[in-house]
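1. Everything below, folded, please.
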Amino acid sequence: MFRRLTVALLLIVLAGLGWLAWYAGTATVPGQLPAEFSIAPGNTLSKTAEDLEAEGLIRQPTAFVLLGRLLGQAGKIKAGSYVVDGPISPYWLLNKITLGETRLVKVTVIEGWTFAQMRAALNAHPHLRHDSTAMNDGELMQAIGAAEPFPEGLFFPDTYYFDAGSSDLELYRRAYHTLADKLATAWQGRAAGLPYDSPYQALIMASIVEKETGVPDERPLIAAVFLNRLRLGIRLQTDPTVIYGLGERFDGNLRKADLLADTPYNTYTRAGLPPTPIALPGGAAIEAVMHPAASPALYFVAKGAGRHHFSHTLDEHNRAVNRYQRGGGG
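-> Numbering: from 1, shown residues only. Okay, the predicted model is just below:
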């Protein structure tokens, strides 16, 4: 009798395991592809199974939980957003959510953007969790552990990939630390004799260079002009700093009155660097101000197609202005 009972139980167990093996390998076809779903932080395997059944990704959630426990995966569920592109079996779905094969989305922060433009882009991103929306800039800096109260220039422009549903604060934190690391490395390898008292001053200069030209090979020359001016005590006289100082008052047209209106950022009325960066400089601009061109140029003027004419003397510069800006000959 006991032997018969044992055999019966064994047959039941084997049948159950056979059914579970069949279940594990049988693909479920989601109703709509691609199918997206999210697992909240702290979700248990049981709660996850319920949610997956509701999304039409599995059947028999109890069997899914049993499968996860038998495979030792019950405590390995990874939170995040996922996407399923086609039919998937419970076994491979379990692998996906325990390996953390989350759906990655991206956001691109453009070189030369202001921090306000960066915030606007992140605030509008549909796949970020907007934890910073109610914070002012200073509160945001505190939330990411930054020592500086003013954010301009302190975030590296790049394309960042992240799990859908991630906090925007985490992305700000990554961009902040990326900039800090790149600036520190560039500072360590800078050319000798540069007139910066700190890496932050170099960052201010990089932001100016970033706004003055988008032509890669001109950045070291633009940097050389401004550094030559700093060494000689000549005002930088760069329009982008004036525009930044005007803030929302700037309507797209820079007038002579604007150049004469004193602000902390007006490099026509004030000598030296402005008090902070005026934009988010990229790696090339940072490199340019750490390794400027060996040029005595003190002036430059736009000559079309985004490029500039560089001059060593004021007389040469005036002739270039007449030629390129006023339509004069020669």
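2. CA only for contacts and neighbour counts going forward, please
-> OK.
3. Quick one: the helices in the stretch 151-300 of the chain, in order.
-> 168-188, 199-212, 219-232, 239-246, 256-260, 283-290 (DSSP state H, counting those that start in this stretch).
4. Could you list the buried residues of the third one?
-> Which is helix 219-232. Residues of helix 219-232 classed as buried: R219, P220, L221, I222, A223, A224, V225, F226, L227, N228, R229, L230 (neighbour count, 16 or more other Cα atoms under 10 Å).
5. Same check on the fifth one?
-> Within helix 256-260, the residues that qualify as buried by neighbour count (16+ other Cα under 10 Å) are D258, L259.
6. again with stretch 175-189
-> With burial defined by 16+ other Cα under 10 Å, the residues of stretch 175-189 counted as buried are A175, Y176, H177, T178, L179, A180, L183, A186, W187.
7. Among the residues you listed, which pair sits farthest apart?
-> Spatially, the most separated pair among those is A175 and W187, at 18.1 Å (Cα to Cα).
8. quick one on the thing from earlier: which of the buried residues of helix 219-232 lies closest to V242?
-> F226 (15.3 Å).
9. residues touching that closest one, list them.
-> Neighbour list for F226: L236, L298 [criterion: Cα atoms under 8 Å, 6 or more residues apart in numbering].
10. repeat that for 7 Å
-> Contacts for F226 (Cα atoms under 7 Å, 6 or more residues apart in numbering) come out as L236.
11. Show me where the chain has its strands.
-> Per DSSP state E, the chain carries strands over the ranges 35-39, 80-84, 104-108, 159-163, 299-304, 307-311.
12. Let's have those in JSON lines, adding mean pLDDT, mean neighbour count and distance to G272.
-> Shown next, in JSON lines, are the strands of the chain (pLDDT from 0 to 100; neighbours: other Cα atoms under 10 Å; distance: least, Cα to Cα, whole Å):
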{"stretch": "strand 35-39", "mean pLDDT": "84", "mean neighbour count": "17", "distance to G272": "52"}
{"stretch": "strand 80-84", "mean pLDDT": "84", "mean neighbour count": "19", "distance to G272": "48"}
{"stretch": "strand 104-108", "mean pLDDT": "89", "mean neighbour count": "15", "distance to G272": "32"}
{"stretch": "strand 159-163", "mean pLDDT": "90", "mean neighbour count": "15", "distance to G272": "33"}
{"stretch": "strand 299-304", "mean pLDDT": "85", "mean neighbour count": "17", "distance to G272": "16"}
{"stretch": "strand 307-311", "mean pLDDT": "87", "mean neighbour count": "18", "distance to G272": "21"}
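13. Which one of these lies nearest to L67?
-> Closest of the strands of the chain to L67 is strand 35-39, at 18.2 Å (criterion: Cα to Cα).
14. in its sheet, what does the closest one sit against?
-> Within its sheet, and counting by DSSP bridges, strand 35-39 is paired with strand 80-84 (antiparallel).
15. between the partner strand and strand 104-108, what angle do the directions make?
-> If you take axes from the mean of the first three to the mean of the last three Cα atoms, to 10 degrees, strand 80-84 sits at 110 degrees to strand 104-108.
16. what's the offset of strand 80-84 from the middle of its chain?
-> Strand 80-84 has its C-alpha centroid displaced from the chain centroid by 21 Å (Cα atoms, centre = their mean, to the nearest Å).
17. Next: stretch 243-256.
-> How far stretch 243-256 lies from its chain's middle: 27 Å, per Cα atoms, centre = their mean.
18. just stretch 310-321 next, same as before
-> Computed by Cα atoms, centre = their mean, the chain-centroid distance of stretch 310-321 equals 39 Å.
19. who's in contact with it?
-> P296, A297, L298, Y299, F300, V301.
20. Distance of the nearest residue to L104 once chain neighbours are set aside relative to G304?
-> In space, and not counting its chain neighbours, L104 is closest to D163: 4.7 Å by Cα to Cα, 6 or more residues apart in numbering. Per Cα to Cα, to the nearest Å, D163 is found 42 Å from G304.
21. Same check on R174?
-> Separation of R174 from G304 (Cα to Cα) stands at 37 Å.
22. With P277 instead?
-> If you go by Cα to Cα, the gap between P277 and G304 works out to 26 Å.
23. swap in R249?
-> According to Cα to Cα, R249 and G304 sit 27 Å apart.
24. go on, R129?
-> Separation of R129 from G304 (Cα to Cα) stands at 43 Å.
25. Give me the contacts around stretch 99-116.
-> For stretch 99-116, contacts defined as Cα under 7 Å, 6+ apart pick out 78, 80-83, 118, 151-152, 157-164, 210-211, 278-282.
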